[in-house]
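Asks: please find the sequence and the predicted model below.
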Amino acid sequence: MTSKAKVVEIREKYAQERDRRLRPDGINQYAYLDGAIDPYVTGPRRRAPLFDDVDVVIIGGGISGISLGAELRKQGVKRIRVIDRAGDFGGTWYWNRYPGAQCDVESYIYLPLLDDTGYIPSLKYAYQEEILAYLQSLARHFDLYDDACFQTDVDLLEWDENAASWIVTTSQGDRMRAKYVALSGGFLQLPKIPNVSGVEAFRGPVFHTSRWDYGFTGGGPGIDGQGLPKLADKKVAVIGTGATGLQCVPPLGRHAQQLYVFQRTPSVVLERNNRETDPTWAERLEPGWQKRRMDNFTQITSGMPVDEDLVDDMWTHIFGPITLAYAKYWRGGAQETSEAAELLDFEYMDRARRRVESAVERAEVAEALKPYYPFLCKRPGFHDEYLPTFNRSNVTLIDTVESGGIERITENAVVVDGIAYEVDCVIFATGFDTGRNYLHALGMDVIGRDGERLSDRFEDGMQTYHGYATDGYPNLFFQGLTQTGGTHNFTHTLVEQAKHIAYVIGAAQARGIEALEPTAEAVQDWVNTINTSALQGRVEFLAACTPGYYNAEGDAKNANRFAAGSYAGGAVRFFGMLEEWRREGALEGFQARYSTGAAEDASADATSAFHA
């Protein structure tokens, strides 16, 4: 078969599989759980309200907020208040305590600020317990517990023009003030579940993996869930086979009497090859090692040539060549470039499908577990035990695609295609809100200088300057996938944002600036840069993908979809651009008001505008 004929065959197969999974309700097929529900808090949930003033409020106590707090400490900022609806620091690693939870990017580049603390993870891919303990130790290291407010939702931010500060109103009755505010709540925090009729009628426990009920399952977090002893006589349903499903299914399969795994779309499941950290290697590390390793990983997975692969895993072995191949076409390459990329894609996907065949004994189960879509349509999974779990006699895969999904849930069963699978427990491994307004997951709104609500401003997509600020909202900053340089290692993006925002705040304080914000022109220029990107060809690519959170369940033009505003030049160039911006020191693109009340254009004259 010729290359062109093979491309046509691949496209047809993938299009058929995509069409089988498309739903007219798109992202509306999901409901969202109350983000404030916290099964891990045992003490009092209410406290006396606060009416004090702080320098910076950081909304979110995960990797984003901790990294920003640490960088602000380096800038000499004194009163930093981290606010989080959780009971402690940790972010996604506070909530996701399901059995088997671990990072899927190596922990040497995923855990932030290792150079600052000297900590070395025990495994190449650390488990949740170790990650959470490290993040909380990092918060202690930078004294972020001092003014922290947990079990607290921010309801509203209001800019006070006269006082040049933000009024922060919360669920605990607080009405505090902050000179600066950072929205650091992350992008994987509001749990979503399918809109399946009858869920409320089910008599047993129903929970999302990020709200795991160890009271029902027994055991606790860790590689094997500490045995999950209470499931020995229980039938369990897991709905969802993405990254979380890959990790929690093996321990559930080992310990439940019967496990039903309900699948819409199979994941790509590549080798994990986890291993303990070599102490000799760790002893040889030199200062700056983590940044070099982070940069190296991002370069490779962005399709850039390097002399050495420091990380050396499935991410770097596959994402380098395949991303480079597609990027050439997305940047305006010839049709032959597209076909070459598709053929390379098919080669990698065929490898993933052959791995399923070699790992799963029953042919019909193996066929249902084979992924049929382009490699870059979904975040790949990495696990060495997930596929063999389906060889167990007590584990049954229920493929829901032919019946259009789960039909309903009754008081004791999950029904698919008219067949009722009786279970004692329903677990949703269905991920988080990623296709709606930036503020949706935070459950709050922001009122800017002229009374405009940020939710209105961002209704049809973000409008920022370099992804971290917008005009009309002074002293307000954003973290996350916010028109920035996105990477497969989310931590890299977050720590670069933290470094940059902390620099801006530090510079403003040092120069006597009372309030600063981007100019409307700077914001529009950046939005134009994002919207006219040569990589908008990726939107066409995602539109042809099987539905998922990358393409907002088939709506690739959704301006609020996951990573919709990523900088087309890539993360490496983006981080370099920000570094150069800081080095120049002019705060170009910003306008400032000094404590004397005189407003000046920060980008007009660095010498006069930015010296107090």
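Replies: In hand now; what should we look at?

Asks: got the domain boundaries for the chain?
Replies: What automatic domain parsing lists as the domains of the chain is 3-31+191-272+337-428, 53-189+435-533+569-609.

Asks: of those, which is nearest Thr301?
Replies: Nearest to Thr301 among the domains of the chain is domain 53-189+435-533+569-609; the distance by C-beta to C-beta comes to 4.9 Å. Every residue, glycine included, has its C-beta placed from N, CA and C.

Asks: now do the nearest residue to Gly554 once chain neighbours are set aside, the pLDDT please.
Replies: Residue nearest to Gly554 in three dimensions, not counting chain neighbours: Pro547, with 4.4 Å by C-beta to C-beta, 6 or more residues apart in numbering. Pro547 is assigned 91 on the pLDDT scale.

Asks: the chain should start at 7 in everything you say after this.
Replies: Done: numbering now begins at 7, and the last item shifts to Pro553.

Asks: mind listing what Pro553 touches?
Replies: Neighbour list for Pro553: 24, 27-29, 32, 271, 559-560 [criterion: C-beta atoms under 8 Å, 6 or more residues apart in numbering].

Asks: can I get the buried part of the residues you listed as one ChimeraX selection?
Replies: If you want just the buried ones from the contacts of Pro553 in ChimeraX, going by 16 or more other C-beta atoms under 10 Å, the selection is:
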select :24,27,32,271,559,560
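
Asks: from the contacts of Pro553, which two are the most distant?
Replies: Greatest spatial distance in those: Gly32 and Thr271, 14.9 Å, computed using C-beta to C-beta.

Asks: from the middle of its chain, how far away would stretch 472-480 be?
Replies: When distances are taken as C-alpha atoms, centre = their mean, to the nearest Å, stretch 472-480 is centred 21 Å away from the chain's centroid.

Asks: if you could redo that for stretch 591-600, that was the one I meant.
Replies: Distance of stretch 591-600 from the chain centroid (C-alpha atoms, centre = their mean) equals 31 Å.

Asks: helices of the stretch 457-606 of the chain, residue ranges please.
Replies: Here the stretch 457-606 of the chain has its helices, by DSSP state H, counting those that start in this stretch, at 460-463, 496-516, 526-537, 543-549, 577-590.

Asks: check which residues of the fourth one are buried.
Replies: Residues of helix 543-549 classed as buried: 543-545, 547-548 (neighbour count, 16+ other C-beta under 10 Å).

Asks: how about the first one?
Replies: Within helix 460-463, the residues that count as buried by 16+ other C-beta under 10 Å are 460-461, 463.

Asks: let me see the ranges of the helices in the stretch 157-306 of the chain.
Replies: In the stretch 157-306 of the chain, the helices defined using DSSP H, counting those that start in this stretch lie at 220-223, 249-261, 285-289, 295-307.

Asks: what does the stretch 307-456 of the chain give?
Replies: In the stretch 307-456 of the chain, the segments counted as helices under DSSP H, counting those that start in this stretch are 320, 326-336, 341-365, 369-374, 392-395.

Asks: and the fourth one, what does it pack onto?
Replies: In terms of contacts (3 or more C-beta pairs under 8 Å, 6 or more residues apart in numbering; DSSP states H and E), helix 369-374 is packed against helix 341-365, strand 401-405.

Asks: now that helix: average pLDDT?
Replies: Mean predicted lDDT for helix 369-374 stands at 97.

Asks: again, but for the last one
Replies: Per-residue pLDDT values over helix 392-395 give a mean of 98.

Asks: centre of the chain to that helix, how far?
Replies: 25 Å.

Asks: who does it touch, helix- and strand-wise?
Replies: Applying 3+ C-beta pairs under 8 Å, 6+ apart, one finds that helix 392-395 contacts helix 249-261, helix 341-365.

Asks: among the contacts of Pro553, which are located in strands?
Replies: Judged by DSSP state E, strands contain none of the contacts of Pro553.

Asks: burial count for Tyr104?
Replies: Applying other C-beta atoms under 10 Å, we find 25 residues neighbouring Tyr104.

Asks: before we move on, what about Gln503?
Replies: 28.

Asks: kindly report the same for Gly424.
Replies: Residues contacting Gly424 under the criterion other C-beta under 10 Å number 7.

Asks: touching, it and Arg414? I think so.
Replies: No. Assessed by C-beta atoms under 8 Å, Gly424 is found out of contact with Arg414, at 10.4 Å.

Asks: still on that earlier bit, will you turn the buried residues of helix 543-549 into JSON lines that also has distance to Gln263 and pLDDT?
Replies: Shown next, in JSON lines, are the buried residues of helix 543-549 (distance: C-beta to C-beta, whole Å; pLDDT from 0 to 100):
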{"residue": "Gly543", "distance to Gln263": "50", "pLDDT": "65"}
{"residue": "Arg544", "distance to Gln263": "45", "pLDDT": "75"}
{"residue": "Val545", "distance to Gln263": "46", "pLDDT": "79"}
{"residue": "Phe547", "distance to Gln263": "43", "pLDDT": "84"}
{"residue": "Leu548", "distance to Gln263": "41", "pLDDT": "86"}
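
Asks: how about those residues in JSON lines, adding distance to Arg385?
Replies: Converted to JSON lines, the buried residues of helix 543-549 look like this (distance: C-beta to C-beta, whole Å):
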{"residue": "Gly543", "distance to Arg385": "20"}
{"residue": "Arg544", "distance to Arg385": "15"}
{"residue": "Val545", "distance to Arg385": "18"}
{"residue": "Phe547", "distance to Arg385": "15"}
{"residue": "Leu548", "distance to Arg385": "13"}
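
Asks: which two from those residues end up farthest apart in space?
Replies: Gly543 and Leu548 (9.9 Å).

Asks: distance of Lys236 from Gln81?
Replies: To Gln81, Lys236 is 49 Å away according to C-beta to C-beta, to the nearest Å.

Asks: so which residues of the stretch 57-206 of the chain form strands?
Replies: 59-65, 86-89, 160-166, 171-176, 181-189, 198-200 (DSSP state E, counting those that start in this stretch).

Asks: return the most buried member of these.
Replies: Neighbour counts (mean count of other C-beta atoms under 10 Å) averaged over each of those peak at strand 86-89, with a mean of 26.

Asks: for that strand, give me every contacting residue.
Replies: For strand 86-89, using C-beta under 8 Å, 6+ apart, the contacting residues are 60-67, 71-72, 75, 78-79, 95, 145, 150, 152-155, 158, 160, 174, 176, 182, 184.

Asks: name the spans of the stretch 157-306 of the chain whose pLDDT lies under the cut-off.
Replies: 193 (pLDDT under 70).

Asks: let's go with 90 and repeat that
Replies: Along the stretch 157-306 of the chain, segments meeting pLDDT under 90 span 191-199, 228-229, 231.

Asks: with the stretch 307-456 of the chain instead?
Replies: Along the stretch 307-456 of the chain, segments meeting pLDDT under 90 span 308-311, 324-350, 382, 408-410, 438-449.

Asks: now with 50, please.
Replies: The model of the stretch 307-456 of the chain has no residue with pLDDT under 50.

Asks: Pro45 touches Thr215, doesn't it?
Replies: No. Between Pro45 and Thr215 there is no contact under C-beta under 8 Å: 11.9 Å.

Asks: more neighbours, these two?
Replies: Neighbour count, other C-beta under 10 Å: between Pro45 and Thr215, Thr215 has more, with 25 against 15.

Asks: list the contacts for the more buried one?
Replies: Contact analysis of Thr215 by C-beta under 8 Å, 6+ apart lists 102, 104, 250, 254, 433-435.

Asks: next: Gly124.
Replies: Neighbour list for Gly124: empty [criterion: C-beta under 8 Å, 6+ apart].
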